[in-house]
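Colleague: here's a sequence, model it:
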Amino acid sequence: MILADKSIKEKIQSGEISIEPFSEEYIQPASYDLHLDRNILTFDTEKHSIIDVKEPVEDLMVKIEMDEKSGYVLKPGQFILANVVEITGVDSRHVGRLEGKSSLARMGLIIHATAGFLDPGNKLRLTLEIANLSPLPIRIYAGMKIAQLAFEQLDQHCERPYGSSGLNSKYKGDLTVQASKMWKNF
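Modeller: You can find the predicted model right below:
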């Protein structure tokens, strides 16, 4: 069951859900608005011509800090990684579901390719997989509303929250944008 605005506030009060920083003005009817952080990762296409999923990707991406006034121009077809400003967390009985903002999607801006799930027991800055599907460049800005997070309650506490031994929880507690760690699965 997706939590309503009143339930989100109650779960934050009880500590079952955490959002830092938190402001009631960003609570929507059934979600919480998240804001774009200034740090992004973009592919270094001058050094690399292929991605091998079995190999570490430390230098595959370049970190860029967005200028607050001029933002960052995302070219048509370009893909970047970025964080949200907020650190969000859920206990072992809740999950978070990352969703895009309709107004941005109508411009062709997609904020997650597939990884839109905040696992039970994790607390981190969510990573956005941002792509420009429009035929025109899109300028984005640090601090802008970029996504929303809906919360759901599990039918019971999970036995092995994210980060438990044996789960290969590669992104537990991340606070800065990280490139893929897929190679650790091999």
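Colleague: ends of stretch 39-56, what's the gap?
Modeller: In stretch 39-56, first residue to last residue: 21 Å (C-alpha to C-alpha, to the nearest Å).
Colleague: cool, stretch 138-146 as well?
Modeller: End-to-end distance for stretch 138-146, by C-alpha to C-alpha: 13 Å.
Colleague: for stretch 143-158, same thing?
Modeller: End-to-end distance of stretch 143-158 (C-alpha to C-alpha): 34 Å.
Colleague: repeat for stretch 137-150
Modeller: End-to-end distance (C-alpha to C-alpha), stretch 137-150: 29 Å.
Colleague: for that stretch, the averaged confidence score.
Modeller: Confidence for stretch 137-150, expressed as mean pLDDT, is 98.
Colleague: how far away is residue 61 from residue 81?
Modeller: 7 Å (C-beta to C-beta, to the nearest Å). (C-beta placed from N, C-alpha, C; glycine too.)
Colleague: overlap in contacts of those two?
Modeller: 41-42, 179 (C-beta atoms under 8 Å, 6 or more residues apart in numbering).
Colleague: drop anything exposed from these.
Modeller: When the shared contacts of residue 61 and residue 81 are checked for burial by 16 or more other C-beta atoms under 10 Å, the buried set is 41-42, 179.
Colleague: measure how buried residue 181 is and give me the count.
Modeller: By other C-beta atoms under 10 Å, the residues close to residue 181 number 13.
Colleague: do the same with residue 27
Modeller: 19.
Colleague: so who does it touch?
Modeller: Residue 27 touches 5, 8-9, 33, counting by C-beta under 8 Å, 6+ apart.
Colleague: rerun that using 10 Å as the cut-off
Modeller: 4-6, 8-9, 12, 19, 33, 148 (C-beta atoms under 10 Å, 6 or more residues apart in numbering).
Colleague: what's the answer for residue 39, then?
Modeller: Contacts of residue 39 were listed using C-beta under 10 Å, 6+ apart, and they are 63-66, 81-83, 125, 142, 176-177.
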